[in-house]
Structures are given as C-alpha cells and as structure tokens.
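Enquirer: The following block contains a protein sequence and its predicted model.
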Protein chains: 2
Amino acid sequence: MAINVAILGFGTVGSGVAETLDINKDVICKRIGQEINVKYILDIRDFPESRFASLVTHDADEVFKSDIKIAVETIGGARIAYEYTKRALSSGISVVTSNKELVSTHGPELLEIAAANNCCYLFEAAVGGGIPIIRPLYKCLAANKITKIAGIVNGTTNYILSRMKDEGIDFDTALKQAQANGFAEANPSADIDGIDAQRKISILSTIANDGGYIAPDSISAEGISAITTEDMAFAASVGCDIKLIALYEASDKPIVYVAPALVDKSNLLYNVNGVFNAIMVDGNSLGQAMFYGQGAGTLPTASAVCGDVLEAAMGIPSEARAWSKESVEITPYDDIRADIVVRADVPAKVIGVADSYECEILSDEAVLVKGIRHKDIAALVSASEAISWMHYLK
Amino acid sequence: MAINVAILGFGTVGSGVAETLDINKDVICKRIGQEINVKYILDIRDFPESRFASLVTHDADEVFKSDIKIAVETIGGARIAYEYTKRALSSGISVVTSNKELVSTHGPELLEIAAANNCCYLFEAAVGGGIPIIRPLYKCLAANKITKIAGIVNGTTNYILSRMKDEGIDFDTALKQAQANGFAEANPSADIDGIDAQRKISILSTIANDGGYIAPDSISAEGISAITTEDMAFAASVGCDIKLIALYEASDKPIVYVAPALVDKSNLLYNVNGVFNAIMVDGNSLGQAMFYGQGAGTLPTASAVCGDVLEAAMGIPSEARAWSKESVEITPYDDIRADIVVRADVPAKVIGVADSYECEILSDEAVLVKGIRHKDIAALVSASEAISWMHYLK
C-alpha cells in the first residue's frame, strides 16, 4: 500500500521534494518497504510545464479531507503555512517542513498539537539545508549535555563574505552578485540582517536547551551589511576570516546571539566558504563534532525534507520532545562576556585600558581582549581611541 | 521503571559508557522518561579502584539470565564478543557496540538474529567514534542514493601523519610518539596497516550499498608505514597533505579501497588533523556533506554508544536494515580507475607515456594522471622512469 503525501507550496524546495521522491522511488520503496506517492500539490499557481502538473490543486479542502498521511509544508512564512500546519496536525496528518520561521516562532504550539494527535512535526530541513543536524542532536547526542553550538547557518551571507574576501569587492557589489547568481533574494533583509540565522539558532538552542524554548525575538542578531573591505583586510592581517556566527552556550540563562566574528585560521569554520554551512557542536561526552554541507538549494534541502517524510511514513514517533510554551530567560546581550579583537593604532593603549581582562597582542594594530562584557566594550573602544572591534572565535 | 543494562568488557570504552550514563543521568532520564540503570559489568578482571566496582561480575550466566534489556558490548575482537552478542540477541536482549571488527565480519548474521528476536543490534560507535554517521546515513539521507564516501576514519594514522608533517619526523619516530601518548597500541598493525579503516569502510559501504554486504577481506587496504619524510615534503610541494583515505563509490560492482592519498588543500579533509576523523558523503539529492569529530577516545566513543543505548531503551525498531548474507562482488582493485600523482624528474616523460589519459602538470616534478587503471600504473611508472606515485583526492 502506498503512503499518500501532499506537497503544500510548489516553490524551490517543494519541487525538489517531488523530484527527489520521484528519481529515488526505487531505493525509497526498497528501504521502507512501501511506496511514497505524491497525491497532491497544493498551490495557488498552476505549473503547466511541470511533469507534476496533473497533481496540482488549488483546493485545500480536497487535500485535507483526503487520505494523505503526510503533508510537506514548503510554503514558507508563518501565515498560510501556520494555518495549514495546524489544520494538518489537528487531523492527525504528519507535517514535514523546511520552514525555519514557522518552527522557530510557533514550534511549541505545533509540537504540542502533533503530540496530541499522535502524529509528527519534523523539521530536519529547517536548519542547515541538507546537513543532518536536528536528528543527530536529538538522537546520536542524546546522552550528552550540549554545552556549545557555533555555526555558519546562512548560506547567503557566507557567500557574500567569501566573495568580498576572494575578490576584494565591497558589500554592495557582493550582494548584487549574490542576487544575480540566485544566492540572495530580491529583498535580502532576512539573510543579511541575521534574521534567518536568528531563527535557526533559536531552533538549535531550544533543542540543546532540552526543549526550554528560546524564541527568536529574544535573541540579539547583528547582520553583515556594515562589514567593509577594510574589515576584511584587517581580518586577513590577523590570520582570520569574517563569518556570520550563530552561537549558543549552555548556562542557567543560556547565551545565544548572532554576530559577525573573526574566525581564526585554526578553526574548521574558517574553511567553510561560499554557500556552504557548518555547525560545530560541543557535548560533555562527545567533545566536538562538526556537521558540514550545503545549507540551501533545491535538492539538498529536499534531501532533508524527504528523509523526514520517510521517517514519518514509517510511523516512528517523533523524536522532537516537547518545547516549553514560554520562552526561557536568556542572558541579556549586554551581560554576555565575549572574546573580542580590538583594532587600534596604538595597541598598548587598549591593553592599558583593558587591564582587568586577559589580553593578547595579535598584530601591531590588533589586541585580543578576553571575556569582556558587551556593555563594557563601547567604553573600552572610546577610552583607548580604538578604530573598531569584532567578536573573535578561536 | 528503570531499564537495566549490562556492560560487557570494562576497558576504555566500557568504562566511558558507565561514566557517561552516570554523569548525564538527569538529562537522560528527562529525555527518555525512564532511568537507565547499569546493573552489571561483566569482565574477567576486577576493578577495586573503580566507583563501579560493586557492579562487576565474572559470571556471564548471571548477566544473561537477568532482566537486562540492553547489553553494551565493548569487549572488542570477534571471539568472545561474537559469542556474547549472539547469546544476547538470541535472548531478545538488544546489543549496542563500538566493535567494528565484529560488525564488519559478522554483521549480516547478527542483524538477522536481532530481527528474528525483535531486538536491536546498533553500532553508531563502530565508525567515527563520537561522530554521528551511521544513523544519519540510515535516516537523514534515507531519500538519497549514496554515490560516494571518502573518509579519514582512523585517528592513529592521522595522528602519525600529522606529526610527520608538522615536525618533519619519520614514520617510526611518529609511531613511537603516538604510542607514548596513548594514540597507538603496542601492536599497532591494525591501525597502521589500514585494517581498522578497512573494517570501517566495509560497514559504511554496506550501508551505502543498501545492505549489499561488502566484507572487509574483499577490500584492498594499504597502510601508511611506507610513507617517508620525502613523501611528506613532496606532498607539501604540490599543495597537498597525505591522509589515509577510505573510499567507496557506488557502481554495479562498487569501488572500495583504503590507501594513502595526496589530499588537495581545497578539500576539507586537508584540514582534518591529529586524532580527528572526518567522513565526506555524496548523495544524489544531498550533494556533499561532511561529518567531523573525535574518531576515538573514551568519552567520545561512549557518547555514540550511549546514544544507541537510549535508542534501544526507547524500543524503537532498529534502523539497520538487513545485510545480504554473502558479500557482493566489488570491482577488482586492478580494474579500478584512479586519479594519481606521479613524481618524476622529467614530467614530460610521464605525459608522453600517459598520452591516453588526461594529464596535468602540478609542479616541475609532479604530474596528475586522471582515471588510470591500477594495473597500468606500474608500467607507466617504469616506462617514464618516475620516482613514485600516490592516489590523489581533489
């Protein structure tokens, strides 16, 4: 007996899901002992050129009242996607998604509805595209306390930063190239302002924090639009590269933020370039592991979505444990202690002012200052007549 | 109700499992809603100094006739471990292991016994230590055809090669240092001769090959003991580093072997140093992903074992699909086409002889020859009066 699936939203990811389920039909059927059949594609548009055109419907009722067991939500956003996801889960239809906005903003409620209706809400594809990260966190590292996550989780910004570095071009030019090459949206704000990364670290942090929900809007996020060619050259001069880093550290009040950082050459994240993503995870038993791969794109993301479809098809209970309804308290950004690199014409002045912190001279215009509170940075920069500062990741 | 577990073999990994289950008792209990209780430690030795001393027994009957639901097999080898694993699985006791020798040589039989007795045989820790790789392959990449795996799967050899590179020392000196630092066994043959890597790629290949079993003894394996300081310098001169690579490529007759290779600077594996492991996986939908982390060591390996213990405790059916009883036919090593770098005083001579292959000059003593059959390499080297050759990984 085939398992019927509906794809809600036939955009980039949705069409990749139809494609992947089709081209790998044979191995999938062999592996789970059942056929996965895409019965409906729900979209307001028609796709006369698509070989899946005959499956397209505009009638949501037809889909939700049918015998589908799984809905693939690849609509995006948190409006219609939210309504449809609630409707599916409430009817006992498992939902699989790549929608980080919806998972990060309504995850607690949607997971609760899924549990109450004995179905799954799975979102491996919501973070890191094709990279397996959600399930490894839940399953393989289940016996660990997750102490830290540091990741490059947004391919658009990483692509822009890589172009700026490799070609010496400025942010605006690199953004235009990214848009021309299909790696950035016409309205790039969600990516370049760190909002996409904020949503993804919200999801990862909540899992690492054992379901203690960390809402995206509680997380400080800084984007990359202020990064200059001068910053890139400075980074290179101290053996670093600038990456947009999403960070989580376990604590009574967890430490979570998104910010550009100087990543040292010795860190594996240094070599993660272009649209690739990578997520480093520290566990108290595991030590450190890194997960690397294509963080976006039609087929890589579809790969993760389809892995979840098979999981849901096999009727295995969701590994996503409940998330708390209320967002837990995290450490206020101002109170977070960070390692930063201060750029100054006279490094000695920085060390003079920062004498209560451990300092290290990195070059004749760069000082590493360890463990300074965010709220004390402005005063340090001002008092030492420094040029600029940036987070530092060894 | 607590779930009772026995640890069979209280060596490095076994003691790490006891430790991890103990220090993370609270999160584990919270996550799976049940307590995991180590009831027995079966070993022929006593451990009077251990805080787990009271759990030690020498009586296998006592263990197997008890109410344990899970046996952690951390004995190693394929003799007693094999007997105990069969005994446990036949009694419906799930077995979790880090024993790559046993899984790679008796996997087909043991998985069959587990399935027949409605219990699990899980071995996430058998490859890559703490790195999640087995479950991601089975689960997250379930909708992919796995086309290629290239991995650094042995920490001892990678440590030795890193020391040789960083300090300019020869193989014997580096091996002695590895032994002194606890990163190599007194009898290092299984590691340095590539046998450990052969077992691990046997397991990964069988999974990638959808359960078509690829026995370790069918896989050609070359170790690193013949690598010289001259080889290391040559590698650096062409922008490469020498790594012991375990390789799988999908094909009607799969391509599988273990050999040292020149890894180009542009490849992420280039930066995997010391005892770390990393495994690159290519899927037809996924594209490329890499899994990186500590490939050995007490706690990292225990992390993976304990992840499996929780999986078994939750009574989730094993994801390990059946493996074929007979080893499938793989491409004979002689017939495999490979990219190699030939070192010669006169590169033009190499190109002259290798005119039927695509060639590329890498330096004034190095030529990349693409797609040459292994059986034709000796003739090429001889006819072109070359000095040496090595596999090449871009």
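Expert: Nice, thanks for sending it over.

Enquirer: Counting neighbours, what do you get for the residue nearest to A:Asp264 when sequence neighbours are not counted?
Expert: Closest residue in space to A:Asp264, ignoring its immediate chain neighbours: A:Lys394 at 4.9 Å, by Cβ to Cβ, 6 or more residues apart in numbering or on different chains. (Each C-beta comes from the backbone N, C-alpha and C, glycine too.) The criterion is other Cβ atoms under 10 Å in any protein chain shown. On that basis, A:Lys394 has 12 neighbouring residues.

Enquirer: Surely A:Pro108 is in contact with A:Trp323?
Expert: Yes. Counting by Cβ atoms under 8 Å, A:Trp323 is a contact partner of A:Pro108 at 4.2 Å.

Enquirer: Contact partners for A:Lys165?
Expert: A:Met232, A:Ala235, A:Ala236, A:Asp241, A:Ile242 (Cβ atoms under 8 Å, 6 or more residues apart in numbering or on different chains).

Enquirer: before we move on, the earlier item: now list whatever residues contact both of A:Pro108 and A:Trp323.
Expert: Counting by Cβ under 8 Å, 6+ apart, the residues touching both A:Pro108 and A:Trp323 are A:Tyr213.

Enquirer: Give me the neighbour count for A:Asp26.
Expert: The criterion is other Cβ under 10 Å. On that basis, A:Asp26 has 10 neighbouring residues.

Enquirer: helix, strand or coil for it?
Expert: Secondary structure, DSSP: H, G, I helix; E, B strand; the rest coil: A:Asp26 is helix.

Enquirer: what do you get for A:Cys119?
Expert: State at A:Cys119, reduced to three classes by three-state DSSP: coil.

Enquirer: quick one: contacts for it?
Expert: Contacts of A:Cys119 were listed using Cβ under 8 Å, 6+ apart, and they are A:Leu89, A:Gly92, A:Ile93, A:Ser94, A:Val95, A:Ala312, A:Ser318.

Enquirer: Ignoring the adjacent residues along the chain, who's closest to A:Asp59?
Expert: In this structure, A:Asp59 finds its nearest non-sequential neighbour in A:Leu42, 7.8 Å apart by Cβ to Cβ, 6+ apart.

Enquirer: got the contact list for the one you found?
Expert: Under the criterion of Cβ under 8 Å, 6+ apart, the contact partners of A:Leu42 comprise A:Ala6, A:Ile7, A:Leu8, A:Gly9, A:Val56, A:Thr57, A:His58, A:Asp59, A:Ala60, A:Val63, A:Tyr84.

Enquirer: out of those residues, which is most surrounded?
Expert: Comparing the contacts of A:Leu42 by number of neighbours (other Cβ under 10 Å), A:Ile7 comes first, having 33 neighbours.

Enquirer: check contacts around it.
Expert: When contacts are counted by Cβ under 8 Å, 6+ apart, A:Ile7 touches A:Gly14, A:Val17, A:Ala18, A:Val38, A:Tyr40, A:Ile41, A:Leu42, A:Ala71, A:Val72, A:Thr74.

Enquirer: With secondary structure as extra columns, can I get those residues in CSV?
Expert: Formatted as CSV, the contacts of A:Ile7 follow (three-state DSSP):
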residue, secondary structure
A:Gly14, helix
A:Val17, helix
A:Ala18, helix
A:Val38, strand
A:Tyr40, strand
A:Ile41, strand
A:Leu42, strand
A:Ala71, strand
A:Val72, strand
A:Thr74, coil
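
Enquirer: Could you check which helix or strand contains A:Asp308?
Expert: In this structure, A:Asp308 is located in helix A:298-313 according to DSSP states H and E.

Enquirer: of all the contacts of A:Leu42, which two lie farthest apart?
Expert: The largest distance within those, taken as Cβ to Cβ, falls between A:Val56 and A:Tyr84 and amounts to 15.7 Å.

Enquirer: Number of residues surrounding A:Lys39?
Expert: A:Lys39: 17 surrounding residues under other Cβ under 10 Å.

Enquirer: which stretches of the stretch 201-350 of chain A have low pLDDT?
Expert: In the predicted model, the stretch 201-350 of chain A carries pLDDT under 70 at residues A:316-320.

Enquirer: Show me which residues of it are close to chain B?
Expert: Counting by Cβ under 8 Å from any Cβ of the partner chain, the positions of the stretch 201-350 of chain A adjacent to chain B are A:210, A:268, A:271, A:283-294, A:297, A:299-300, A:302-304, A:306-307, A:309-311, A:316-317, A:321.

Enquirer: Which residues of the stretch 51-200 of chain A lie near chain B?
Expert: Counting by Cβ under 8 Å from any Cβ, the residues of the stretch 51-200 of chain A close to chain B are A:124, A:130-132, A:135-136, A:139-145.

Enquirer: still on that earlier bit, ok, so of the contacts of A:Leu42, who is nearest A:Gly352?
Expert: For these, the residue nearest A:Gly352 by Cβ to Cβ is A:Gly9; the value is 57.7 Å.

Enquirer: Would you enumerate the residues in contact with that closest one?
Expert: With contacts taken as Cβ under 8 Å, 6+ apart, A:Gly9 has the following neighbours: A:Leu42, A:Asp43, A:Glu73, A:Thr74, A:Ile75, A:Gly76, A:Ala81.

Enquirer: can you count the residues close to the nearest residue to the third one once chain neighbours are set aside?
Expert: Think A:Glu73. Closest residue to A:Glu73 apart from its sequence neighbours, by Cβ to Cβ, 6+ apart: A:Thr97 at 4.2 Å. Other residues lying near A:Thr97 total 27 when counted by other Cβ under 10 Å.

Enquirer: Confirm for me that A:Thr97 is in contact with A:Ile70.
Expert: No. Because the distance of 10.9 Å does not satisfy Cβ under 8 Å, A:Thr97 is recorded as not touching A:Ile70.

Enquirer: do you know how far A:Lys65 is from chain B?
Expert: Distance of A:Lys65 to chain B, given as Cβ to the nearest Cβ, to the nearest Å: 27 Å.

Enquirer: Count the residues that sit near that residue.
Expert: When counting by other Cβ under 10 Å, one arrives at 10 neighbours for A:Lys65.

Enquirer: and if you look at the one 5 residues further on?
Expert: Number of residues near A:Ile70 (other Cβ under 10 Å) recorded here: 25.

Enquirer: residues in contact with the closest residue to A:Asp46 other than its chain neighbours?
Expert: Using Cβ to Cβ, 6+ apart and skipping residues adjacent in sequence, the residue nearest A:Asp46 is A:Val56, 6.0 Å away. Residues counted as contacts of A:Val56 (Cβ under 8 Å, 6+ apart) are A:Phe10, A:Tyr40, A:Ile41, A:Leu42, A:Asp43, A:Arg45, A:Asp46, A:Phe47, A:Ser50.
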